[in-house]
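J.: I'll drop the sequence and a predicted model, then ask my questions.
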Amino acid sequence: MNLLLLGRRTAMGALAVLLLVAGVWASWGTAQHVMLTEGRERGVLTVTRCGSDACVGRYVSSSHGAAASRRQVVIERSIAEKKGERIPVALKPGTREAVRTGGPGFLHAWLPFGGALLLSSVVVAGGLRLHRTAWTLALSGTALLTASFATLAF
């Protein structure tokens, strides 16, 4: 019986860790452009139109020695973009894609990790029976998702 309990706890612990690692992995692609500023071109994007999943706008660089402006730069749509809005962005190297910078960009980049925290809290509570740890994970994920929503919406 103890061997089955050990196997269940090992499997659930591995699943919880896998969910958290996958959340960090999914978030890091965008977060590195927001957090690591050296060598990244930064500027302001003025939104001209938005589709269902992306917005396009005119980009003006604030970096020294960079191209003064580009006609169209694409940014992933979040909840707050409207036509004419000015958004501070960083360009992904070698592309026309931009990511939001500053506090809202940082929180938006870590959204997948917030979801992973919530999912892993269910695994920790149900599979490992560590309720306090599960509540900590759930509250951390909820706080991250709520903060991201608040900074992007208001």
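T.: Yep, it's here.
J.: which strand residues bridge Leu91?
T.: Ala98 (DSSP bridges).
J.: what pairs with the lowest-mean-pLDDT helix or strand in the chain, and is each one parallel or antiparallel?
T.: One helix or strand of the chain scores below all others by mean pLDDT, DSSP states H and E: strand 69-76, with a mean of 82. Looking at strand 69-76 with DSSP bridges, its partner strands are strand 54-61 (antiparallel), strand 97-100 (parallel).
J.: and those, which is most packed in?
T.: strand 97-100 (a mean of 22; mean count of other Cβ atoms under 10 Å). C-beta: built from backbone N, CA, C; applies to glycine.
J.: how about residues contacting that one?
T.: By Cβ atoms under 8 Å, 6 or more residues apart in numbering, the residues outside strand 97-100 that reach it are 30, 33-34, 45, 59, 73-76, 78, 87-92, 105, 108-109.
J.: 7 Å instead?
T.: For strand 97-100, the surrounding residues in contact (Cβ atoms under 7 Å, 6 or more residues apart in numbering) are 30, 33-34, 45, 59, 73-75, 87, 89-92, 105, 108.
J.: likewise for stretch 22-33?
T.: Arg40, Ala90, Lys92, Val99, Ala109, Trp110, Pro112, Phe113, Gly115, Ala116, Leu117.
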